[in-house]
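Student: Sequence and predicted structure, then a few things I'm wondering about:
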Amino acid sequence: MRYLVLVKQVPEINSVHFVPQLNRIERDGVAALLNPLDRDALEHALAMREATGGELVAVTMGPPGARAVLLEALELGADRAIHLLDLAFAGADSLATARALAAVVARERPDAVLCGRSTLDGATAQVGPQLAELSGLAQITQVVEIALEGTVVRAVRELESGRQFASARLPVLVTVERGPLWSASALSIAPRRDVAVSPNVADKIDEIDEIDEIDEIDKIDEIDAAGLGGDPGCYGIRGSGTYVQQVMETVVARHHEVAAGAIEGAQHVVALATGPTAAVPVGPPAGAVGTADADPVGLGGPAQQIWVVVECEGATVSPASLEALACARDVSVRLGAEVVAVVIAPRLADLVPVLSAGGAQRIVHAAVDWAGDATVEARVDALCQLLASRRPRAVLGPWSSACREWLPRVAARLGLGMTGDAVGLDVGTRPGDPDTLDLVWLKPAWSGSATARVVARTVPAFGTLRPGSVRASAGATAAVPVERIVIAASASPRAPWATPPELGGTQGPAGAPATPRVDGALRLVLVGGRLDRGSARRAPLLADQLGAAVAGTRAAAALGLVDPAAEISVLKRSMAPALVVALGLDGAGDLVALRAATSVVVVDERPASEVHDAADLSVVVPAAEFLDAMLSLQVPPASRA
């Protein structure tokens, strides 16, 4: 058995800072880390290797300093390491990165490739699926538990809708959502050591310079672009399908009010939940360039369409898909483009009125006979068949667990630029070419501390929209043309097989309706690791009162105070809801992934706690006392809409 683990060196997220004069995030002199989810992937691989034997190879691509994460991997137990080191690799987006890593996979011929679902700096969750596509591997994404039985990998995936058991035959690529310490079922493999916190590796290179011979250095194989082989134009900036046009700092000013007591704090929260900012969507900034009758250069004919890939949950359209339609409709007005809803399913059912009211001006129904489950491979093949004869300006889908695993594979197969986890679309004139309009993807960076304006070099451009970023349209139903295209289904031996998800997520108290899912929620009740279990059990009552979703910090998820699928953290998901009510936080770091929220209320009895610095309203009382006060109030039903 040979295990290949992809690791990346990333800056420590709280240490980076924005330099307005340079229009970029400054990384020089910033503490560096082994990406935490990659470290979790390494721990899974180490445990599997101990059970099966074989060899574990760590791989990274980056500047000379990135060698530090390989040294850490070797210290943890990797047998050898590969460092892709060449200026030709610099500036790579996810597609160019996947191409370089695919060349390594071709050289090493591993049985299993493991990596973190995403990285702290990019957070696209695209490299894993794109590498799987380019390397011809089956994939299992968002894995929290994994075991190997002969030539079959069995895993537990964590989805928005719950946990799912999935299996695939070797060779396979696995993206990891969480390390072995978090596993709780019989499928788990015990971790080799405590890996809850990744150590700082910034000083390792300095240590190397002071030592003439270190055994670990001999285990690192440096490979440049020439040694890697392939077309040099496929790597780095030259091979990237996207580029960053501009980076803008995101600054959210907090009011820092302090409530006199629990009752006053509760009244403030009700006012926030019912006030004018109670449902503020995140979206494209005002003042974007473009008009409704614009005729952009190069966007004539079919390229004037923006496709939205629609996800269906049973016979209903997912809320995130309706948000994507609204986002596309907004930018289409400025481009003079048509919004096309693309439904890949055996039947269209009664979705036409819903899609029309949501903003679709045309519907393409890709009628596919799945002959069983709709596998990743089947969806990839279906969309590629549609795109074989048509070239829309853009293809947009929700940043959901489903779309994250198959849309990047389409982009990789067709060599298209992709921007994951965008919060909106914009239109702007191309620098140096004012007659050409670019479609711009607004991509959060560093958990919302900055926003990058990303432009694709390809047509179509691919991207996914973060749920909750744009308010879904509630327009009137109109007659729209529907085009039905029969797609030839293709079965692939690479496709994994899976059970339906076991329903999870945050449920309301007995007899009460379930609270909304975390993804896309406009309001959150955030449970921290310091919250007592009695108060944590009452959090769904507060959420139901406010029409909010119950979420939790990483510590709260680890302690079982909330469902792990409802975790909010820089490793899991970042959000910008209209209102956050936080209870029992460990520290201000618990709010980093929510730094772009409109209003933040912190309930914490410690008057000197740093968590109050990140709040608009501080309620300095015990959480149980605040919950008593809050649940005694009547909240207008309109606030729960």
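Tutor: That came through, no problem. Residues are numbered from 1 along each chain as shown.
Student: Only C-alpha atoms from now on, for both contacts and neighbour counts.
Tutor: Noted.
Student: I'd like to know how many residues surround the closest residue to R533 other than its chain neighbours.
Tutor: Distances taken as CA to CA, 6 or more residues apart in numbering put L561 closest to R533, at 6.7 Å, once the chain neighbours are dropped. Residues lying near L561 (other CA atoms under 10 Å) number 24.
Student: for D111, same thing?
Tutor: Counted with other CA under 10 Å, residues neighbouring D111 total 17.
Student: Got the phi and psi for the closest residue in space to it that isn't next to it in sequence?
Tutor: Computed as CA to CA, 6+ apart, the closest residue to D111 that is not its neighbour in sequence is P171, at 4.5 Å. Main-chain torsions, P171, degrees, to the nearest 10: phi -80, psi 150.
Student: Please tell me I have it right and P171 contacts L137.
Tutor: Yes - the pair P171 and L137 passes the contact test of CA atoms under 8 Å, sitting 6.2 Å apart.
Student: ok, those two, which is more surrounded?
Tutor: It is L137, of P171 and L137, that has more neighbours when counted by other CA under 10 Å, with 24 against 20.
Student: nearest residue to the more buried one other than its sequence neighbours?
Tutor: V172 (5.3 Å).
Student: Before we move on, what's the pLDDT of that neighbour?
Tutor: In this model, V172 is scored at 96, pLDDT.
Student: The residue nearest to R533 and G534 touch, don't they?
Tutor: No - counting by CA under 8 Å, L561 does not reach G534; the two are 9.7 Å apart.
Student: Give me the buried positions along stretch 72-82.
Tutor: Neighbour-count burial for stretch 72-82 flags 72-74, 77-82 (criterion: 16 or more other CA atoms under 10 Å).
Student: What mean pLDDT does it get?
Tutor: Mean pLDDT, stretch 72-82: 96.
Student: What are the contacting residues of it?
Tutor: Contacts to stretch 72-82, defined as CA atoms under 8 Å, 6 or more residues apart in numbering, come from residues 34, 42, 46, 55-60, 70, 201, 216, 219-223.
Student: Over to stretch 454-463?
Tutor: 241-246, 303, 391-397, 411, 416-422, 438-443.
Student: Please export the alpha-carbon coordinates of that stretch; CSV is fine.
Tutor: Output in CSV follows, covering the C-alpha atoms of stretch 454-463 (Å, rounded to 0.1, in the frame of the first residue of the first chain):
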residue,chain,number,x,y,z
VAL,A,454,-11.6,37.0,-9.2
VAL,A,455,-11.9,36.9,-13.0
ALA,A,456,-11.9,33.7,-15.0
ARG,A,457,-9.8,33.4,-18.2
THR,A,458,-12.1,30.8,-19.6
VAL,A,459,-15.6,30.7,-21.1
PRO,A,460,-17.6,29.5,-19.4
ALA,A,461,-16.4,30.5,-16.0
PHE,A,462,-17.3,28.1,-13.1
GLY,A,463,-18.2,29.1,-9.6
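Student: coming back round to it: tell me which two of the buried residues of stretch 72-82 sit farthest apart.
Tutor: Farthest pair in the buried residues of stretch 72-82 (CA to CA) is G77 and I82. Separation: 14.5 Å.
Student: What is the nearest of the buried residues of stretch 72-82 to D590?
Tutor: E72 (26.4 Å).
Student: how would you label the closest one: helix, strand or coil?
Tutor: Under DSSP: H, G, I helix; E, B strand; the rest coil, the three-state class of E72 is helix.
Student: ok, now how distant is it from H44?
Tutor: Separation of E72 from H44 (CA to CA, to the nearest Å) stands at 15 Å.
Student: same check, this time on T250
Tutor: From T250 to H44 the distance is 36 Å (CA to CA).
Student: between those two, who's got more neighbours?
Tutor: When neighbours are counted by other CA under 10 Å, H44 comes out ahead of the other of T250 and H44, with 28 against 16.
Student: before we move on, which element is that one in?
Tutor: If you go by DSSP states H and E, H44 is part of helix 36-52.
Student: Figure out how far that helix is from the centre of its chain.
Tutor: Distance, stretch centre to chain centre, for helix 36-52: 22 Å (CA atoms, centre = their mean, to the nearest Å).
Student: burial count for V143?
Tutor: V143, neighbours per other CA under 10 Å, totals 25.
Student: again with E50
Tutor: By other CA under 10 Å, the burial measure for E50, its neighbour count, is 11.
Student: Need the per-residue pLDDT for it.
Tutor: We have a pLDDT of 93 for E50.
Student: quick one, what contacts it?
Tutor: Counting by CA under 8 Å, 6+ apart, E50 touches no other residue.
Student: about what we covered before: and the contacts of stretch 454-463, which of them are in helices?
Tutor: A411 (DSSP state H).
Student: Kindly write the ChimeraX command that selects the buried subset of the contacts of stretch 454-463.
Tutor: Only the buried entries of these go into this ChimeraX selection, using 16+ other CA under 10 Å:
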select :241,242,243,244,303,391,392,393,394,395,396,397,411,416,417,418,419,420,421,422,438,439,440,441,442,443
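Student: In strands, which of the contacts of stretch 454-463 appear?
Tutor: Residues of those located in strands (DSSP state E): 242-246, 394-397, 418-422, 438-443.
Student: Could you double-check that A367 lies in contact with A378?
Tutor: No - using CA under 8 Å, A367 makes no contact with A378, being 11.9 Å away.
Student: So for whichever strand or helix holds C115, mean pLDDT?
Tutor: Taking DSSP H and E as the definition, C115 sits inside strand 112-116. Over the span of strand 112-116, the pLDDT mean works out to 97.
Student: what's it in contact with?
Tutor: Counting contacts by CA under 8 Å, 6+ apart, the residues outside strand 112-116 that touch it are 2-7, 35-42, 45, 128, 170-177.
Student: what about it, distance to the chain center?
Tutor: Mean-position distance between strand 112-116 and its chain equals 17 Å (CA atoms, centre = their mean).
Student: Packing partners of the next helix or strand after it?
Tutor: Sequence-wise, the next helix or strand downstream of strand 112-116 (DSSP H and E) is helix 127-135. Other helices and strands packing on helix 127-135, by 3 or more CA pairs under 8 Å, 6 or more residues apart in numbering; DSSP states H and E, are helix 94-108, strand 138-149, strand 172-176, helix 401-414.
Student: Now do helix 127-135 and strand 172-176, the angle between them.
Tutor: 170 degrees (axes from the mean of the first three to the mean of the last three CA atoms, to 10 degrees).
Student: measure the residue nearest to L137 to I82 for me?
Tutor: For V172, the distance to I82 - CA to CA - is 20 Å.
Student: For V486, give the beta-bridge partners.
Tutor: Beta-bridge partners recorded for V486 (DSSP bridges): A367.
Student: Quick check: closest non-adjacent residue to S94.
Tutor: V127 is the one closest to S94 (CA to CA, 6+ apart), at 5.3 Å.
Student: Could you verify my assumption that the one you found touches T97?
Tutor: Yes - if you go by CA under 8 Å, V127 and T97 touch, sitting 7.1 Å apart.
Student: any idea of the mean pLDDT for stretch 395-402?
Tutor: Here the average pLDDT along stretch 395-402 is 93.
Student: what sits against L571?
Tutor: Taking CA under 8 Å, 6+ apart, we find L571 in contact with 36-37, 118-120.
Student: now, among those residues, which is nearest to C403?
Tutor: S118 (14.4 Å).
Student: Just give the closest residue to the closest one, not the sequence neighbours.
Tutor: Counting by CA to CA, 6+ apart, S118 lies nearest to A125, which is 4.4 Å off, once chain neighbours are set aside.
Student: Could you double-check that the one you found lies in contact with R409?
Tutor: No - assessed by CA under 8 Å, A125 is found out of contact with R409, at 11.4 Å.
Student: higher neighbour count, these two?
Tutor: Just comparing A125 and R409: by other CA under 10 Å the higher neighbour count belongs to R409, 29 against 23.
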